[in-house]
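Participant: Based on what follows, work out the 3D shape:
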Amino acid sequence: MKTLEFYEAKAEDPSDAGAAYAFCQRLADRHPENFPVASPMLSRRLRRHVAAVYAFARIADDIADEAEHKDARLERLRDWRRQLDAVGRETPKHPVFVALADTFRALDLPRGPFEELLDAALQDCTKTRYETFEELLDYCRRSADPVGRLVLMIHGYRDPELFKLSDCVCSGLRLVDFMQDLSGDLKRDRIYLPQEDFRACGYSEADLRMGVANERFRNLVKLTWKRTKALFEEGRPLSARLDWPLRWEVRLTWFGGMEVLRKVRKQGFDTLHRRPRIGVFDWPPLAFKTLTRR
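Facilitator: Residues are numbered from 1 along each chain as shown. Purely as a prediction, here's the structure:
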């Protein structure tokens, strides 16, 4: 299915939550990520709720990003918000909201994190540059951190200290995405490296558009790399405070993010001409680290 087909999907039977969750899981399985998404390690009962959260965020993100939605991004994101607001008041028509209606009933999740995810997607439609790193982190706070908090809440955790640690990991993962996707984002006329860093490194947007990957460019990427690594280190204690199997998933996620950072450094911080990514052969050693390292 194309991203537009996922957005336009209709629930055949709005009372069939099982089919709606299966739709969400198919969407989660379809997208490669730097971290496990609703993996089989989770219990079936919790896995479906994680898949519903991911599907909601994935479709919103696709509307903001993918070419199929180019002339209707704001309209469709506003419709996505309207459908979210209607959960509990109207019979859902989309499989994602059929699943979320069941998730809300079962777990009493707050709507705030979902609203933040939509705010970030809407921002992507209008804001394409970030002046400071703090401004970029604020975007991460709304585009990534809510997912981590929702996953914790699905597993019964509501400790503010755990939320803070989760925010560090999730923001770090978002920054990893920015380093990985420099070329793709540029095609959308988006730059997720702070403008103040461009100036500090003596590198320009014109250089970026011409594909100049000199020492100044590598220093530019290195600034984000260092901040990202610091966030991962700050969030590292999170997994030790969680129960199995979420502990395993969070540790694997952390090692996955660190592995991409290792690859960025190995290729000399040039992420413009080669996308650092986790390949199929990287996952077994990462899983081994997850199980054996402290």
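
Participant: Contacts only, for the residue lying farthest from the centre of the chain.
Facilitator: Using CA atoms, centre = their mean, the residue of the chain lying farthest from its centre is Gly202. It sits 30.2 Å away. Contact partners of Gly202, counting by CB atoms under 8 Å, 6 or more residues apart in numbering, are Arg216. Quick note: C-beta positions are derived from backbone N, CA and C, even for glycine.

Participant: Look at it and report its pLDDT.
Facilitator: For Gly202, the model assigns a pLDDT of 98.

Participant: Next: the one 5 residues further on.
Facilitator: Looking at Asp207, its pLDDT stands at 98.

Participant: domains for the chain, by residue range?
Facilitator: Per the record, the chain has its domains at 1-109, 127-275, by automatic domain parsing.

Participant: what's the closest of those to Trp283?
Facilitator: Each of these has some distance to Trp283 by CB to CB; the shortest is domain 127-275, at 8.3 Å.

Participant: what does stretch 209-220 rub up against?
Facilitator: With CB under 8 Å, 6+ apart, stretch 209-220 has contacts from 186, 193, 197-198, 201-203, 207-208, 268-270, 272-273.

Participant: distance of the most centrally placed residue in the chain from Leu175?
Facilitator: Closest residue to the average C-alpha location of the chain: Ala144 at 4.9 Å, with CA atoms, centre = their mean. Remark: distance between Ala144 and Leu175 (CB to CB, to the nearest Å) = 9 Å.

Participant: again, but for Leu117
Facilitator: Distance from Leu117 to Leu175, by CB to CB: 17 Å.

Participant: try Leu193
Facilitator: Distance from Leu193 to Leu175, counting by CB to CB: 10 Å.

Participant: what do those two both touch?
Facilitator: Overlap of the contact sets of Leu193 and Leu175 (by CB under 8 Å, 6+ apart) consists of Thr224.

Participant: Give me the pLDDT for Arg44.
Facilitator: On pLDDT, Arg44 comes in at 81.

Participant: likewise the one 5 residues further on?
Facilitator: pLDDT for His49: 96.

Participant: And Gln123, how far from Ile278?
Facilitator: From Gln123 to Ile278 the distance is 27 Å (CB to CB).

Participant: Those two: which is more packed in?
Facilitator: Neighbour count, other CB atoms under 10 Å: between Gln123 and Ile278, Ile278 has more, with 19 against 15.

Participant: residues touching the more buried one, list them.
Facilitator: Contacts for Ile278 (CB under 8 Å, 6+ apart) come out as Asn34, Gly256, Glu259, Val260, Leu286.

Participant: I'd like to know how far Glu75 sits from Ile63.
Facilitator: Using CB to CB, we find Glu75 at a distance of 9 Å from Ile63.

Participant: who's more crowded, the two?
Facilitator: Legend: neighbour count by other CB under 10 Å for Glu75 and Ile63, higher for Ile63 (27 against 11).

Participant: Tell me if I'm right that that one and His69 touch.
Facilitator: Yes: between Ile63 and His69 there is a contact under CB atoms under 8 Å: 4.8 Å.

Participant: shared neighbours, those two?
Facilitator: Shared contacts of Ile63 and His69 (CB under 8 Å, 6+ apart): Thr3, Tyr7, Arg76.

Participant: Show the pLDDT at Met1.
Facilitator: 59.

Participant: same question, Pro32
Facilitator: pLDDT, Pro32: 60.

Participant: Mind listing the shared neighbours of Ala144 and Leu175?
Facilitator: Here Ala144 and Leu175 share no contacting residue, scored by CB under 8 Å, 6+ apart.

Participant: Let me see the ranges of the helices in the stretch 1-150 of the chain.
Facilitator: Counting by DSSP state H, counting those that start in this stretch, the stretch 1-150 of the chain has helices at residues 3-8, 17-30, 44-65, 73-86, 95-107, 112-124, 133-143, 145-154.

Participant: Please tell me how far the nearest residue in space to Pro113 that is not next to it in sequence sits from Phe217.
Facilitator: Closest residue in space to Pro113, ignoring its immediate chain neighbours: Pro146 at 3.4 Å, by CB to CB, 6 or more residues apart in numbering. Distance of Pro146 to Phe217, given as CB to CB: 32 Å.

Participant: what's the answer for Glu116, then?
Facilitator: Separation of Glu116 from Phe217 (CB to CB) stands at 32 Å.

Participant: Arg82: neighbour count?
Facilitator: Neighbourhood size, Arg82 [other CB under 10 Å]: 10.

Participant: and the domains of the chain, which one is worst for confidence?
Facilitator: Here the lowest mean pLDDT among the domains of the chain goes to domain 1-109, at a mean of 91.
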